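Asker: build me a structure from this.
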Amino acid sequence: STGMAFVNLDPKTNDPVIFFSPGINQVISQETLDFEYLTQADAVIISYGTLLRSLDTDGGAPMAKLIRDLRERDVLTVLDTHSIRGADYGVLEKPMRDVDVFGCNIGEARSITGLGNDAAPEALLKALAARMEVDGSRPRIVAVSMKEKGSAVAYCRPGQKDPVIAVVPACKIKV
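Answerer: Reported below is the predicted structural model:
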């Protein structure tokens, strides 16, 4: 199992408080989520990838509904994936349609898009953006991390069909 973490501001001090609960993905469902609480956020980051059993049913329809409902309340939605053996990335099909920001690693991008190991980062980004059904009505972002090769990001501008793509090389740091 995996965990869930979120940051909240202490109402008295305004300091950030980090909550982490290992294995919480086993109990998260539409019934256990406090939607009104989530809509008070400026942004909701959903970091999972085929791990939320009840929200992944019906091709990810419950997760897609949650994202749509948050978007209707002007909450910025971010969807990130996690590589797991045997992951069914098909459950991302519906949630990806409405999310504002989607991120994954290069292996996940290849699995999600079906493009091979020779696919250029730009091709992966365009294929992911197509799955997001980018229609130009609002800005959207797609990001792919590529290990030692850096990251690639596509910014889908309102009113523009083709995204602006940037590939950023990794920099070596002394640990």
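Asker: which residue is nearest the middle of the protein?
Answerer: When the chain is reduced to its mean C-alpha position, the nearest residue by CA atoms, centre = their mean turns out to be Leu79, at 1.4 Å.
Asker: run through the protein and note the low-pLDDT ranges.
Answerer: Confidence mapping of the chain against pLDDT under 70 gives the ranges 1-6, 19-32, 48-54, 83-86, 134-137.
Asker: give the next helix or strand downstream of the longest helix belonging to the chain.
Answerer: Secondary structure of the chain read by DSSP state H shows that its longest helix is helix 57-72. The C-terminal neighbour of helix 57-72 among helices and strands, as given by DSSP states H and E, is strand 76-80.
Asker: in that next one, what counts as buried?
Answerer: Applying a neighbour-count criterion of 16 or more other CB atoms under 10 Å, one finds 77-80 buried in strand 76-80. In this view, the C-beta of every residue, glycine as well, is placed from N, C-alpha and C.
Asker: off-centre distance for that strand?
Answerer: Here the centre of mass of C-alpha atoms in strand 76-80, compared against the chain's by CA atoms, centre = their mean, to the nearest Å, lies 4 Å away.
Asker: and that strand, what does it pack onto?
Answerer: Based on contacts counted as 3 or more CB pairs under 8 Å, 6 or more residues apart in numbering; DSSP states H and E, the elements that strand 76-80 packs against are strand 43-47, helix 57-72, strand 101-105.
Asker: deepest-packed of those, please.
Answerer: Of all the helices and strands packed on strand 76-80, strand 101-105 has the most neighbours on average by mean count of other CB atoms under 10 Å, namely a mean of 21.
Asker: past it, which element shows up next along the chain?
Answerer: Tracing the chain past strand 101-105, the next element assigned as helix or strand by DSSP H and E is helix 106-113.
Asker: so which residues make contact with the next helix or strand after that next one?
Answerer: Taking DSSP H and E as the definition, the helix or strand that follows helix 106-113 towards the C-terminus is helix 121-131. If you take CB atoms under 8 Å, 6 or more residues apart in numbering as the criterion, helix 121-131 is touched by 92-93, 96-97, 102, 104, 106, 109-110, 112-113, 115, 119, 140, 142, 144, 146, 152-154, 156, 163, 165, 167.
Asker: buried residues in helix 121-131, which are they?
Answerer: 121, 124-129, 131.
Asker: rewinding a little: against Asp118, how distant is the residue nearest to the centre of the chain?
Answerer: Here the distance between Leu79 and Asp118 works out to 26 Å (CB to CB, to the nearest Å).
Asker: same check on Pro16?
Answerer: Looking at Pro16 against Asp118, where the rule is CB to CB, the gap reads 43 Å.
Asker: sec struct for Ile165, please.
Answerer: strand (DSSP: H, G, I helix; E, B strand; the rest coil).
Asker: can you check Lys12 too?
Answerer: Secondary structure state of Lys12, per three-state DSSP, is coil.
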